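Student: Quick one: sequence and predicted model below, then my questions.
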Amino acid sequence: MINNEKKQQKNTIRSIDDLPPILTAQDIANYLRISERRAYEIMELKSFPLIRLGRSKRANRESFMRWLQENENRGGC
């Protein structure tokens with residue numbers, strides 16, 4: 001049942017408001033419709049608003065959206 005819930009959660013992200021206030025790589029991957037591996041690569045960029053919690057990587061939703069808007073016209077990350 002847990003796997004079905006995760007699949008439903010993955011499919012329900014329609015807007016930024018559907019995301020939690022603190023994002024994981026999986027949240028970012030689902031929102032951008034990219035692989036989780038690529039999301040981790042993006043999170044390693046110097047310009048990315050990364051929050052490190054030990055070995056975990058997170059991003060503030062508002063900071064992520066601001067970063068995304070600033071980088072949307074650069075043609076790639």
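Tutor: Okay, I see it.
Student: CA atoms for contacts and neighbours, from now on please.
Tutor: OK.
Student: Excluding chain neighbours, give the residue nearest to the residue most central in space within the chain in space.
Tutor: What sits nearest the mean C-alpha location of the chain, by CA atoms, centre = their mean, is residue 28, with 1.7 Å. Counting by CA to CA, 6 or more residues apart in numbering, residue 39 is the residue found nearest to residue 28 once chain neighbours are left out, at 6.3 Å.
Student: right, and the one you found touches residue 23 too?
Tutor: No: contact between residue 39 and residue 23 fails when scored by CA atoms under 8 Å: they sit 11.0 Å apart.
Student: Could you tell me the end-to-end distance of stretch 20-33?
Tutor: Using CA to CA, to the nearest Å, the end-to-end distance of stretch 20-33 comes out at 16 Å.
Student: Pull out the buried residues from it.
Tutor: Applying a neighbour-count criterion of 16 or more other CA atoms under 10 Å, one finds 23-31 buried in stretch 20-33.
Student: hang on, the earlier thing: what number of residues lie near the residue nearest to residue 28?
Tutor: 19 (other CA atoms under 10 Å).
Student: Helix, strand, or coil at residue 52?
Tutor: At residue 52 the chain is in strand, as set by DSSP: H, G, I helix; E, B strand; the rest coil.
Student: gap between it and residue 66?
Tutor: Taken as CA to CA, the span from residue 52 to residue 66 is 18 Å.
Student: Those two: which is more packed in?
Tutor: Taking other CA under 10 Å, residue 52 and residue 66 do not tie; residue 66 has more neighbours (13 against 10).
Student: circling back to that earlier point, next up, the contacts around the residue nearest to residue 28.
Tutor: By CA atoms under 8 Å, 6 or more residues apart in numbering, residue 39 lies in contact with 25-26, 28-29.
Student: Same question for residue 55.
Tutor: No contacts exist for residue 55 under CA under 8 Å, 6+ apart.
Student: tell me the strands in this structure, going along the chain?
Tutor: Under the criterion DSSP state E, the chain contains strands at 22-23, 50-53, 56-60.
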